[in-house]
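Student: I need the structure of the sequence given here:
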Amino acid sequence: MREKIEVKLRDAFGESVIAVSEFKDQLTVEVKRESIVEVCRLLKEDSELRFDFLSDVCGADMLNFEDASSRKAYLAIEHDSRPATVPVEERFLVIYNMISLKNKARLRLKVKVDGDNPVCPSVTAVYPAANWFERETFDMFGITFEGHPDLRRMYMPEEYEYHPLRKDFPLMGIPGSIPLPGK
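Tutor: Below you'll find the predicted structure:
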């Protein structure tokens, strides 16, 4: 199945397929951000592949501190600043987990998203189930899904300006940023 998926994707999208890897019998394909909707459409509608079940869409913050001293320096400064050592290009990943019920196969798609302008096309037109997954990823990571029909927060209040699953979000939260219930 791996070869079939890889051949079909490379034939249809060429350079948009960045990498293909396999770990514990699960295939991972990294694709360019601008191709994700068409890649999903092919995977779902191709009669041989039929990845018809989108089981999850999630985000990952790939923020990396170069060394321990830069991390300590970062933690000492204000929460809305970023040290010069933090790479922002392709900081975030959007990860799509899908299943082909017909072939009993799983597939993971990955898309890199810029840290300064975290925007990714929405796949809700192909997989309506992506609606809530993309909203959750938006709420927790701040990744905007272009073309989403109703992109708004799920867990945090609409006026909350932070994204709690980002690595630069303080572990203890930001004091006074959200009203907490009384004791």
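Student: below-threshold pLDDT in this structure: ranges please.
Tutor: Along the chain, the parts satisfying pLDDT under 70 run over 65-88, 180, 182-183.
Student: which stretches of it form strands?
Tutor: Here the chain has its strands, by DSSP state E, at 17-23, 26-31, 53-61, 92-100, 105-113, 119-121, 144-146.
Student: can you tell me the strand partners of the third one and which way each runs?
Tutor: The strands that strand 53-61 pairs with in its sheet are strand 92-100 (antiparallel) (by DSSP bridges).
Student: now the last one
Tutor: When sheet partners are counted by DSSP bridges, strand 144-146 sits next to strand 119-121 (parallel).
Student: so who does the most centrally placed residue in the chain touch?
Tutor: By CA atoms, centre = their mean, the mean C-alpha position of the chain lies nearest to V94, the distance being 1.5 Å. With contact taken as CB atoms under 8 Å, 6 or more residues apart in numbering, V94 is in contact with 36, 57-59, 110-111, 113, 120, 137, 143. From N, CA and C alone the C-beta is placed, and that goes for glycine too.
Student: 6 Å - rerun?
Tutor: Listed by CB atoms under 6 Å, 6 or more residues apart in numbering, the contact set of V94 reads 59, 111, 113, 120.
Student: for those residues, which single residue is the most surrounded?
Tutor: The residue in these with the most neighbours, by other CB atoms under 10 Å, is C120 (27 neighbours).
Student: ok, that one touching V113?
Tutor: Yes: with contact defined as CB atoms under 6 Å, C120 counts as touching V113 (5.2 Å).
Student: shared neighbours, these two?
Tutor: Common contact partners of C120 and V113 (CB under 6 Å, 6+ apart): 94, 143.
Student: D52 versus the nearest residue to L165 once chain neighbours are set aside, what's the distance?
Tutor: Nearest in space to L165, with sequence neighbours left out and distances taken as CB to CB, 6 or more residues apart in numbering, is M140 at 4.0 Å. Applying CB to CB, to the nearest Å, the value for M140 to D52 is 26 Å.
Student: and those two? Which one has more around it.
Tutor: Using other CB under 10 Å as the criterion, M140 and D52 rank with M140 on top: 20 against 14.
Student: relative to E48, how far out is L42?
Tutor: Separation of L42 from E48 (CB to CB): 11 Å.
Student: hang on, I meant L107
Tutor: 13 Å.
Student: and those two? which has more neighbours close in?
Tutor: L107 (21 against 11).
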